[in-house]
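# I'd like to go over a predicted model; first the sequence, then the structure.
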2 protein chains.
Amino acid sequence: MNIFIASIEDKVAVLTSEESWHCAKVLRKKAGEEINIIDGKGNFYRGILTSVSEKKCIAGITSGPEAQKKRGYQLHLAIAPTKQIDRIEWMIEKAIEIGVDEISFIQCKNSERVVIKPERIRKIVESAVKQSLQAYIPKVNELLPFKQLIETSKCDQNFIAHCFESEKQSVKKINFKGKSTLILIGPEGDFALEEVEYASKNKFNSLDLGDNRLRTETAGLYVCLAASILS
Amino acid sequence: MNIFIASIEDKVAVLTSEESWHCAKVLRKKAGEEINIIDGKGNFYRGILTSVSEKKCIAGITSGPEAQKKRGYQLHLAIAPTKQIDRIEWMIEKAIEIGVDEISFIQCKNSERVVIKPERIRKIVESAVKQSLQAYIPKVNELLPFKQLIETSKCDQNFIAHCFESEKQSVKKINFKGKSTLILIGPEGDFALEEVEYASKNKFNSLDLGDNRLRTETAGLYVCLAASILS
């Protein structure tokens, strides 16, 4: 089943330029054909193509909106990009399949990578949303300095996963239900001690992800799955 | 920290040929240096290299065995290999980081891939075990026909994840603690109905992995994480 992302107004769907190209050029759809549409804000539609060109496809809505079933929790994952960017890219694909509301990238003291390509990440996100038959496109933020992310969190509960010895809460014991949760995952060399202390001062709890040493991208996925399973 | 896989007998560790090559040629270790060793059966050791060559490195054990902390569950994951084998390969890496005891590959009616390279899989497994500081190397079985796997399961509880409508148990409700569990994950086109019926006849319960449509490899990882979090 093909799903296209469009902006919807007055029963008319205008596919994004990328989706129009895919619809017209790759799938060779013609006016009169029925398509599935999402608005990226949580709604599914069906529509009939009325105008097809590589730059702009338009469809008349025939049914919808049908809202995507809401998850019982809100998860904001903030992660330091890995040196090998493909590891983060697959993590994003999987995180979206499983369910995440917002993804941020953080620049830490031990970060080996300080550049991400937002356009490439956006494509991965949209593709994963469509693949997993969802209608809501998670927000993806650009790379932010560690402190800025800490200071601007508006979540109900905030956690930082690190390997330093300290009093930690097990991820298994987090109550995700009905709450917004921000979880920070550090770079390959872990957060710096001063970063952990700064987070702690700002009421971030230290998080324990179990006995095994997980790679950055595995840890990111682990918390997405934990939220899905524990809520 | 480097860890080497070796067979241990009478306080002497003989590194496998691959590990010997890595130790002597890549890391250029010399006799007299201390190394970390695992036996692949759940035990950590430390030892002093007494003989170093590209074909065979030998170390005298100075401490150990120290047993890897046991997980409170046993998980056997049986999965149909995906068309793009790299998707299964990363799943294996992640599954091992998180914890799995046995991995089988199943040949199903809708399988698009009917060949796997056991040698390549073995290397991925060993690398992930060492990366995540574990001492136990999970068993990896060769590709088996679907029915054979069903008939030979010796696990306490058995599940098959599929998309057909039926009475299903949510993965969130499985009691993994203290039990051995086999979970079957199908190919990209799902199991065939006759396969689901055959499994059902053989007392496999149908499994519900939630509302989102997950790719084969994401589903495989999902159940590994569920077992880790729910036990």
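Perfect, thanks for sending it.
# got a pLDDT number for A:M1?
Note on A:M1: pLDDT of 63.
# give me every residue that touches the residue of chain A found nearest chain B.
Among all residues of chain A, A:L225 sits closest to chain B, at 4.1 Å; criterion: CB to the nearest CB. Quick note: C-beta positions are derived from backbone N, CA and C, even for glycine. Applying CB atoms under 8 Å, 6 or more residues apart in numbering or on different chains to A:L225 gives the contacts A:98, B:221-222, B:225-226, B:229.
# doesn't it belong to a helix?
Yes. Membership of A:L225 in a helix is supported by DSSP: H, G, I helix; E, B strand; the rest coil.
# sorry, back to before: most surrounded residue in the contacts of A:L225?
B:L221 (31 neighbours; other CB atoms under 10 Å in any protein chain shown).
# SS state for that residue?
Under three-state DSSP, B:L221 comes out as helix.
# for it, give its distance to B:R71.
16 Å (CB to CB, to the nearest Å).
# one more: A:Y136?
From A:Y136 to B:R71 the distance is 35 Å (CB to CB).
# again with A:L193
Per CB to CB, A:L193 is found 30 Å from B:R71.
# so those two - more neighbours on which side?
Neighbours were counted for A:L193 and for B:R71 using other CB under 10 Å; B:R71 has more, 19 against 11.
# mind listing what that one touches?
Residues near B:R71 by CB under 8 Å, 6+ apart: B:99, B:228, B:231.
# hang on, isn't the last one packed against B:L75?
To tie it back to what came earlier, the one meant is B:S231. No. Using CB atoms under 8 Å, B:S231 is not in contact with B:L75; the gap is 9.1 Å.
# any common contacting residues for these two?
B:F176.
# the two: which is more packed in?
Using other CB under 10 Å, the more surrounded residue of B:S231 and B:L75 is B:L75, with 26 against 19.
# tell me how far the strand or helix carrying the more buried one lies from the chain's centre.
Using DSSP states H and E, B:L75 maps to strand B:74-79. Relative to the chain's own centre, strand B:74-79 is displaced by 8 Å; criterion: CA atoms, centre = their mean, to the nearest Å.
# got any ranges where chain A has weak pLDDT?
In the predicted model, chain A carries pLDDT under 70 at residues A:1.
# please enumerate the helices of it.
Here chain A has its helices, by DSSP state H, at A:17-21, A:85-98, A:118-131, A:146-152, A:193-201, A:216-229.
# show me the contacts for A:S63.
Shown in contact with A:S63 (CB under 8 Å, 6+ apart): A:45-46.
# what pairs with it across the strands?
The bridge-partner assignment for A:S63, based on DSSP bridges, gives A:R46.
# rewinding a little: near chain A, which of the contacts of B:R71 show up?
B:99, B:228 (CB under 8 Å from any CB of the partner chain).
# kindly reformat the contacts of B:R71 as TSV containing distance to A:G64.
Shown next, in TSV, are the contacts of B:R71 (distance: CB to CB, whole Å):
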residue	distance to A:G64
B:G99	42
B:S228	38
B:S231	41
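# which among the contacts of B:R71 gets closest to B:I174?
B:S231 (9.3 Å; CB to CB).
# let me see the backbone angles for the residue lying closest to A:L182 once chain neighbours are set aside.
In space, and not counting its chain neighbours, A:L182 is closest to A:C155: 4.0 Å by CB to CB, 6 or more residues apart in numbering or on different chains. When read as degrees, to the nearest 10, the backbone of A:C155 gives phi -80, psi 160.
# just to check, A:C155 is in contact with A:T181?
Yes. The pair A:C155 / A:T181 is scored as a contact, 5.8 Å apart, by CB under 8 Å.
# for the residue located most distally from the centre of chain A, give me its contacts.
Distance to the chain centre peaks in chain A at A:G32, reaching 33.7 Å (criterion: CA atoms, centre = their mean). Applying CB under 8 Å, 6+ apart to A:G32 gives the contacts A:48-49.
# and the gap between it and A:T62?
In terms of CB to CB, A:G32 sits 12 Å off from A:T62.
# shared neighbours, the two?
Residues touching both A:G32 and A:T62 (CB under 8 Å, 6+ apart) are A:I48.
# between A:C155 and A:T181, which one's more packed in?
Between A:C155 and A:T181, A:T181 has the larger neighbour count (other CB under 10 Å), namely 22 against 15.
# quick check: bridge partners of the more buried one?
According to DSSP bridges, beta-bridge pairing links A:T181 with A:L75, A:Q157.
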